[in-house]
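Colleague: Following is a predicted model, sequence given first.
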Amino acid sequence: MTTWTIEEQENCVKAAITSAAFLSWLTGFHLLKDITLLWFQLSTVSEVIGAAIVLPLIYFMYKMWQQPKLLSYGWRLREICGDFPDEYLRCRFQRATTLAFQLTIMTAFFGHVATQLVLVHGHPQWLSYQQVPLLTVFVGMLSFYLSLRNVLDDQDELTEETR
């Protein structure tokens, strides 16, 4: 069995942070575009937000240029399952994954209930087929990103304190 170094584990966390930020931005922009068009009938603002979807792509390309091997991290089964030998990384990754999953499930459930209520008692033209799935992915990815974004910095501070 190969040894999984701290650097490889940190690179896996960096890849997870980058992908969560990218998906959060992407789904957030799509959700804003949909809401501004359907809820507020602001077609010009919706088009501007639609053009701003290029920003997450630029961010992702910048991260790829900054760290060329970014797409090769996170594909092994132990990385997907969060099987980190480093206890701090394992604990934080597991906590972030659990929180993201729970928020995603709650958002999907309440989004479905809210959609049914709007269809029955509200304005059905406010809804599109993609709002609840976009909101679900946005909430899950944003919570995952926010949970993990300071993990590596905190780990560095902890190792400095123990010296």
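Modeller: Cool, got the structure. Just so it is clear, the structure is predicted and the values come from calculations on it, not from any experiment.
Colleague: Contact partners for the spatially most central residue of the chain?
Modeller: Per C-alpha atoms, centre = their mean, the C-alpha nearest to the average position across the chain is that of residue 141, at 2.2 Å. Contact analysis of residue 141 by C-beta atoms under 8 Å, 6 or more residues apart in numbering lists 20-21, 23-24, 27, 100. In this view, the C-beta of every residue, glycine as well, is placed from N, C-alpha and C.
Colleague: For residue 72, state which of those is nearest.
Modeller: Within those, proximity to residue 72 (C-beta to C-beta) peaks at residue 20, which comes in at 17.3 Å.
Colleague: how deep is the closest one tucked in, by neighbour count?
Modeller: Using other C-beta atoms under 10 Å, residue 20 has 22 other residues around it.
Colleague: ok now do it, which residues does it touch?
Modeller: The neighbours of residue 20, taking C-beta under 8 Å, 6+ apart as the test, are 141-142, 144-145, 148.
Colleague: what about it, helix or strand, and which?
Modeller: Here residue 20, judged by DSSP states H and E, is contained in helix 6-38.
Colleague: pLDDT on the very next helix or strand once past that helix, on average?
Modeller: The first helix or strand that comes after helix 6-38 along the chain, using DSSP H and E, is helix 43-51. Helix 43-51 comes out with an average pLDDT of 92.
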